[in-house]
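*Asks:* sequence and predicted model, in that order:
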Amino acid sequence: MLYRLNNAGYQAHLVGGGVRDLLLGLEPKDFDVATDASPEQVRSVFRNCRLIGRRFRLAHVHFGHEIIEVATFRGMQEDASPSDMDATNGMLMRDNTYGTIEEDALRRDFTVNALYYNVADFSVIDYTGGLADLENGVLRLLGDPATRYREDPVRMLRAVRFAAKLGFRIDPACEAPLLDLGFLLRSVPAARLFEEILKLFMSGTAVQAFEKLRHYNLFAELFPETDDCLAHEEQQFPITFVVRGLHNTDLRVREGKPVTPAFLFAVLLWEPVRRLFEQLVASGVHYSIAMQQSGGEVIARQIAQSSIPRRFSMPMREIWQLQHRFEQRGGKRVKRLMAHPRFRAAYDFLVLRAEAGEADAALAQWWTDIQEAQPEIQNQLINKESAATGRRRRRRRRSKPISPGEA
Ligand code: ATP
Ligand code: MG
């Protein structure tokens, strides 16, 4: 497709993450194309092409199931300042300023993201020292770091994300402002942060991303309540649940298994949910109601930071809600729970809790065994448990008054 543009008399370059990853020997996620043809000219070359975007006009060229994004070189206008954002018409014009390839390079974020692969002569075009930085494993912002972070605070998260994914170090001059500018993330639209969080934690290097975010005080901007929980030790043990959950996500990504945003956010928000849940239970609220309430409250406060679409927050709450039901191992309840559409995710969650020392390891093992067992053995396990629970319950009833929650 790049040759089609060339043959029509235009420049055509691969750019961005695709070129960076190819040069590093990684498998590129996607390719972006940059050209000196205007979006309308691109459309005249490709039948299967749609122009999209208002702020940034792009051409999407469709090839079967694939879509290739073709962007016209953008000019050197400063990124919109808050006052520009309000001046609706002015902004449209300014953001569609076209420029030369050199100007296009300079308005990208990192030097290693500003390399162009020219298909006309198979050369890599490097205006910014990106090749040297790639060689040395350095992430370096173009221009003055603090200014570039202020223009678009998501660049701070991108710095962390690429450092984690590529194993690069962030250039000291770009690193220093990270520690002070985290608050800028508060002005980023919640939906954009949600997308960026998924990229940070669902690309196979979530643990590294998490540790860097914590190091630069950025995690507290994304998940303030979780960060607060992590700052406190529990019975002298640091809380390891989150990092274990992220490690588990990384393994799944690397094995090509599915990971869902619902499970990820269930992990990331569990500590504050659990904290509130335990307070409510201690004050006499019934388990099930306490979980409803704490899940609801924590999510309501979180979506002020990053949105969580309902299609993910509903299953998250179910995962949390089912945790207590694992403790009831008698009779029909077991099979009913196993037939629940969220059983598998909730079980995985229970295993993580057990690994972190927060849930009973024997309980998690029981649920592992029951799933692997043949039907007759399953029934034996359940009956044994029913009898045991019955005994426990009778004993407890006699020795202790019924708690307000149970009544
Ligand atoms: P990924 O592997 O995640 O796709 P990428 O570098 O391709 O990494 P994209 O978000 O796909 O990241 O963006 C493509 C290119 O657009 C980047 O390589 C960079 O040159 C430019 N870019 C993206 N976001 C920004 C930004 N916030 N500021 C400046 N340039 C950006
Ligand atoms: Mg990309």
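*Replies:* In hand now; what should we look at? Ligands and ions are numbered 1, 2, ... in the order given.
*Asks:* how far away is residue 315 from residue 8?
*Replies:* Separation of residue 315 from residue 8 (Cβ to Cβ, to the nearest Å): 48 Å. From N, CA and C alone the C-beta is placed, and that goes for glycine too.
*Asks:* likewise residue 346?
*Replies:* On the measure of Cβ to Cβ, residue 346 and residue 8 end up 55 Å apart.
*Asks:* and what of residue 274?
*Replies:* The spacing between residue 274 and residue 8, counted by Cβ to Cβ, is 60 Å.
*Asks:* neighbour-wise, which of the two wins?
*Replies:* Neighbours per residue (other Cβ atoms under 10 Å) separate residue 274 from residue 8, with residue 274 holding more: 20 against 15.
*Asks:* roughly how far out does the helix or strand hosting residue 289 sit from the chain middle?
*Replies:* Element membership of residue 289 [criterion: DSSP states H and E] is helix 287-302. Helix 287-302 has its C-alpha centroid displaced from the chain centroid by 22 Å (Cα atoms, centre = their mean, to the nearest Å).
*Asks:* in it, what counts as buried?
*Replies:* 287, 290, 291, 292, 294, 295, 298, 299, 302 (16 or more other Cβ atoms under 10 Å).
*Asks:* check the spacing between the last one and residue 273 real quick.
*Replies:* Plainly put, residue 302 is 10 Å away from residue 273 if you go by Cβ to Cβ.
*Asks:* same question, the second one
*Replies:* Distance from residue 290 to residue 273, counting by Cβ to Cβ: 10 Å.
*Asks:* before we move on, back to that, need the buried residues of helix 287-302 in a markdown table (columns: distance to residue 35 and pLDDT).
*Replies:* Output for the buried residues of helix 287-302, formatted as a markdown table (distance: Cβ to Cβ, whole Å; pLDDT from 0 to 100):
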| residue | distance to residue 35 | pLDDT |
| --- | --- | --- |
| 287 | 60 | 95 |
| 290 | 58 | 98 |
| 291 | 54 | 98 |
| 292 | 53 | 98 |
| 294 | 52 | 98 |
| 295 | 48 | 98 |
| 298 | 46 | 98 |
| 299 | 43 | 98 |
| 302 | 41 | 97 |
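*Asks:* list the buried residues for stretch 310-324?
*Replies:* In stretch 310-324, counting by 16+ other Cβ under 10 Å, buried: 312, 313, 315, 316, 317, 318, 319, 320, 321, 322, 323.
*Asks:* let me fix that, I meant to ask about stretch 98-107.
*Replies:* Neighbour-count burial for stretch 98-107 [16+ other Cβ under 10 Å]: 99, 101, 103, 104, 105, 106, 107.
*Asks:* equivalent analysis for stretch 371-391, please.
*Replies:* 378, 381, 382, 385, 386, 389.
*Asks:* also stretch 340-357?
*Replies:* Using 16+ other Cβ under 10 Å as the test for burial, stretch 340-357 gives 342-343, 345-356.
*Asks:* cool, stretch 161-168 as well?
*Replies:* 161, 162, 163, 164, 165, 166, 168.
*Asks:* what about it, average pLDDT?
*Replies:* Averaged over stretch 161-168, pLDDT sits at 98.
*Asks:* for the residue in the stretch 201-350 of the chain that ligand 1 sits nearest to, give me its contacts.
*Replies:* Using Cβ to the nearest ligand atom, the single residue of the stretch 201-350 of the chain nearest to ligand 1 is residue 203, 7.6 Å away. Counting by Cβ atoms under 8 Å, 6 or more residues apart in numbering, residue 203 touches 161, 165, 209, 253.
*Asks:* just give the nearest non-adjacent residue to the first one, would you?
*Replies:* Nearest in space to residue 161, with sequence neighbours left out and distances taken as Cβ to Cβ, 6 or more residues apart in numbering, is residue 200 at 5.2 Å.
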